[in-house]
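**Q** A structural model of the following input is requested.
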Amino acid sequence: MATDGEPGIVEYYGSGGAHRCGYCGNNGNCSHGMWSHSLTVQDYQDLIDRGWRRSGKYCYKPTMNKTCCPHYTIKMEALNFKLNKSHKKILKQMNKYLIHGSVKGEASKPSEDKPKSDVSGAEKTAEDSSNIKNTDVMDSHAAKAPPKPGSGADPNKPPMRKAKDIRLEKKKSRELIKLQSMTKEEAMAAQELAKGLDREASTMSSVSVCSTQKNEAKTLADYLSEPDKAEKCAHKLEVRLVRTAPQSKEFKNSEKESAEVFKKYQMKVHKDQPYECDRNQWLDFLVHSPLKEMTKKGGIPMGYGSFHQHYVLDGKIIAVGVIDILPYCVSSVYLYYHPDYDFLSLGTYTALREIAFVQELNKKAPDLIYYYMGYYIHSCPKMKYKGQYFPSFLLCPETYTWLPIAECTPKLDVNKYSRFAAEEVEDEGGKLEINNVLVLFCRQIMTYEIYKALNARARDAKEVLEYALLVGKKCAQRMLLFRKS
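**A** A predicted model of the protein is given here:
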């Protein structure tokens with residue numbers, strides 16, 4: 001089994017040219033890329049903390065000051081996550097479906113969809129009545145006739161009074177009679193006592209309300225566990241974690257079904273052609289991973305690396321969340337689901353399940369506290385929803401420090417590319433002597449300084465320095481940059 005002590009190996013490709021953007025549709029998407037033959041989980045943790053992301057084994061980093069839609073790395077502190085109304089609504093909707101089998105919008109149909117009765121009886125009588133000229137006779141008849149069932153209270157009778165109001169009126173009457181029989185001093189003392197009791201009752205009521213509200217504040221775990229506590233459920237949902245690198249037995253057993261869900265999702269939601277989402281595309285995009293499996297004593301039982309989370313409804317896979325479990329976070333890579341179940345808002349529901357997963361992992365690994373949601377794109381309305389997960393932080397594209405999203409969005413409202421950190425803050429992780437960069441040359445590990453001495457024809461100093469600045473000091477001195485002979 002691999003350990004974090006074995007270095008990762010990468011090939012740096014540079015920036016390349018601009019290509020079509022999947023968010024705005026323009027040909028202005030600019031990024032740097034590298035092929036990752038292998039990475040430790042710590043390598044990848046440090047890379048995403050400098051704005052990198054992976055797609056299969058390919059890692060890319062948007063060129064933030066040039067690309068048409070700047071991609072800001074976003075993370076959320078899972079232990080302090082606050083549910084909003086939208087999240088609660090989706091959780092309740094899912095629980096109603098699982099427990100009762102009810103689907104939103106299917107409880108009742110609009111009245112106009114119901115079959116109409118013949119125009120006779122009441123409808124015909126009303127139509128004929130409209131032709132009667134003597135309206136005084138009609139009003140008189142209506143006043144004497146008893147109201148039809150369901151038409152409301154009888155206007156000819158006095159309105160009904162609530163029993164509570166009648167009791168309160170009687171009590172006040174008794175108190176008034178009692179006060180009239182008292183002396184002036186006794187009456188004043190009784191009034192002061194009553195005021196004190198009212199204040200005490202008000203205070204107790206406020207405390208009771210606050211206590212009740214506090215007790216009723218349901219957590220994310222409370223919502224997710226509701227179906228498990230129900231006596232009987234209409235549907236059963238299981239979340240199964242399967243390792244993809246290396247491929248576990250559980251993954252191989254469900255491979256065909258999972259790939260089929262991916263194909264249906266891509267064709268329905270993203271309008272892909274069949275050849276664009278076949279099994280090979282699925283493997284390259286969402287199964288193959290450069291991350292090495294890593295476990296440690298006293299750590300999380302499943303270990304670190306790349307996984308799929310299967311959402312199995314009544315024995316059938318309806319959604320798959322692709323995730324990486326890293327030293328400090330769970331990183332969401334992708335989600336695909338069966339289009340027939342889009343009514344369950346699976347995008348948000350699975351994100352909430354992944355947040356709850358981080359909270360569970362934290363009990364075994366105290367350093368694992370964050371949920372990485374990929375990129376936040378302020379200039380794309382469809383991607384701004386990620387900012388609704390509180391508390392969230394954005395990565396400064398120049399200093400690689402984290403700032404609360406509330407401090408960043410006002411700047412992004414003015415300029416789509418913005419530095420978030422103060423001017424005096426520097427990129428401490430980028431200061432590195434190029435000679436200290438580790439390279440892999442002729443199957444030997446060496447520094448760039450030794451590599452230059454062995455290869456007099458080397459003219460790649462500019463490229464190596466660019467690579468080192470982008471991956472940061474930690475990774476440049478730990479990963480191996482492949483160099484051709």
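**Q** okay, CA-based contacts and neighbour counts for the rest of this
**A** Fine.
**Q** ranges for the helices of the stretch 151-300 of the chain?
**A** 163-180, 184-216, 220-229, 249-253, 255-269, 279-282 (DSSP state H, counting those that start in this stretch).
**Q** Which of those comes out lowest on mean pLDDT?
**A** Comparing mean pLDDT across those, the lowest value falls on helix 184-216: a mean of 58.
**Q** which residues touch stretch 461-475?
**A** Identification of contacts with stretch 461-475 by Cα atoms under 8 Å, 6 or more residues apart in numbering yields 12, 14, 43, 46-47, 50, 429-432, 434, 437, 476.
**Q** can we see that at 7 Å?
**A** 12, 43, 47, 50, 429-432, 434, 476 (Cα atoms under 7 Å, 6 or more residues apart in numbering).
**Q** Tell me where the stretch 301-450 of the chain has helices.
**A** So, for the stretch 301-450 of the chain - with DSSP H, counting those that start in this stretch - the helices run 346-362, 405-414, 448-454.
**Q** which among the contacts of stretch 461-475 end up buried?
**A** Among the contacts of stretch 461-475, those that count as buried by neighbour count (16 or more other Cα atoms under 10 Å) are 12, 43, 47, 50, 429-430, 432, 434, 476.
**Q** List the contacts of the residue lying closest to Ile323 once chain neighbours are set aside.
**A** Excluding its sequence neighbours, the residue lying closest to Ile323 (Cα to Cα, 6 or more residues apart in numbering) is Ser332, at 4.7 Å. Ser332 makes contact with 322-324, 372-374 under the criterion Cα under 7 Å, 6+ apart.
**Q** Can you tell me which of these has the largest number of neighbours?
**A** Neighbour counts for these (other Cα atoms under 10 Å) peak at Tyr372, which has 25 neighbours.
**Q** Look up the pLDDT of the residue nearest to Ile323 for me, please.
**A** For Ser332, the predicted pLDDT is 98.
**Q** next one: the one 10 residues further on
**A** With respect to pLDDT, Asp342 has a value of 95.
**Q** From Lys96, how far off is it?
**A** 15 Å (Cα to Cα, to the nearest Å).
**Q** When those two are compared, which one has more neighbours?
**A** Between Asp342 and Lys96, Lys96 has the larger neighbour count (other Cα under 10 Å), namely 19 against 12.
**Q** So His293 sits against Asp324, correct?
**A** Careful, residue 293 is Glu; it's not His. No. Using Cα atoms under 7 Å as the test, Glu293 is too far from Asp324 to be in contact (10.6 Å).
**Q** Quick check: neighbours shared by the two?
**A** By Cα under 7 Å, 6+ apart, the residues touching both Glu293 and Asp324 are Gly305.
**Q** so how far is stretch 274-292 off the chain centroid?
**A** 24 Å (Cα atoms, centre = their mean, to the nearest Å).
**Q** And stretch 162-180, by the same measure?
**A** 56 Å.
**Q** And for stretch 373-381?
**A** 13 Å.
**Q** Now that stretch: buried residues?
**A** 373-379.
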